[in-house]
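> Dropping a prediction and its sequence here:
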Amino acid sequence: MTSLIKLELARALRNRKFLFFSVLYPSILFLIFSSSSGSDERVDGTSLTVATYLMVSMASFGALTAVLMGNSERIAKERESGWVRQLRLTSLPGRGYVLAKTAGAAVVSLPSIVVVFAVAGAIKHVRLDAWQWLALTGVIWAGSLVFAALGVAIGYLASGDAVRPITMIIYFGLSILGGLWMPSTTFPQWLQDIAEWLPTHAYAALGRAIEQSQAPSAQDIAVLAAYFVVFAGGAAWLYRKDTLKA
């Protein structure tokens, strides 16, 4: 299993296109979105400046990109190529394959978070206490496991040809409706009510609570935990189903 994890890490770090979209792209979007507001402008309903608010949004978006886009497409294509079937002939347990995929995505997701933070601090002068920077990094990185499980589920659900459009629809839908690209307070009320129950909204809300030195909302924690159970359970069921078909 260790060898497979090393292979996944090497493949992730060699993929320059994937590195750009998961590591640099969120930082570029952060600069674009935050450039239209003044340094002291606040987001409605919060005590956060636009730059501070968007920093968590884009760090979350970068982690989401790394774990969702990376896992789903690779798994679907490896199933079609027969690579997964070959691995089943080895002593590698099924959980080892999933763990290797998650580890590879997690290694890329951490730099995407750190780069957004560095850009926000250096260019937009976002200032937080040391414990807040550390807590934000840990919460966003750990929370990305929810979407890593979703990526695995999609990879076992979709074919190699269908996986990209399916993933893109889910990816952009969760990002936009969850308030990662723009504050959900700008949505119509009915859409805000829907957004509150999306995993991306709860995911970013945990980070924003840390920025405001507040305790995370019990609802946000419960929403993320529920989605993780659903996504992980679905991934496990689809994996077993794919194993029986092989």
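Looks like it arrived, so ask away.

> Where do the helices of the protein begin and end?
With DSSP state H as the criterion, the chain has helices at 2-14, 16-19, 25-34, 50-64, 70-81, 83-88, 94-123, 130-157, 163-177, 189-195, 199-211, 218-245.

> wait, which of those is closest to residue 43?
Nearest to residue 43, of all those, is helix 50-64, at 4.5 Å by C-beta to C-beta. C-betas here are computed from N, CA, C, even on glycine.

> in this protein, which ranges drop under the pLDDT threshold?
Applying pLDDT under 70 to the chain picks out residues 1-19, 37-39, 81-104, 242-246.

> Quick check, central residue of it?
Of all residues in the chain, the one closest to the mean position by C-alpha atoms, centre = their mean is residue 64, 1.7 Å from it.

> residues contacting that one?
The contact partners of residue 64, by C-beta atoms under 8 Å, 6 or more residues apart in numbering, come to 144, 147, 171, 174-175, 180, 200, 203.

> and what of residue 164?
Taking C-beta under 8 Å, 6+ apart as the test, what residue 164 contacts is residue 73.

> Count residues in the vicinity of the closest residue to residue 119 other than its chain neighbours, would you?
Spatial nearest neighbour of residue 119, excluding adjacent residues (C-beta to C-beta, 6 or more residues apart in numbering): residue 27 at 4.6 Å. Residues lying near residue 27 (other C-beta atoms under 10 Å) number 21.

> Relative to residue 122, how far out is residue 27?
Separation of residue 27 from residue 122 (C-beta to C-beta, to the nearest Å): 11 Å.

> Over to residue 199?
For residue 199, the distance to residue 122 - C-beta to C-beta - is 30 Å.

> Equivalent analysis for residue 21, please.
22 Å.

> if we can go back for a sec, make sure the residue nearest to residue 119 is actually in contact with residue 117.
No. In this structure residue 27 lies outside contact range of residue 117 using C-beta atoms under 8 Å: 9.4 Å.

> hmm, back to that, just put the contacts of residue 64 in TSV and tack on neighbour count and distance to residue 75.
Output for the contacts of residue 64, formatted as TSV (neighbours: other C-beta atoms under 10 Å; distance: C-beta to C-beta, whole Å):
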residue	neighbour count	distance to residue 75
144	28	17
147	30	14
171	22	15
174	20	19
175	20	21
180	27	24
200	28	21
203	29	22
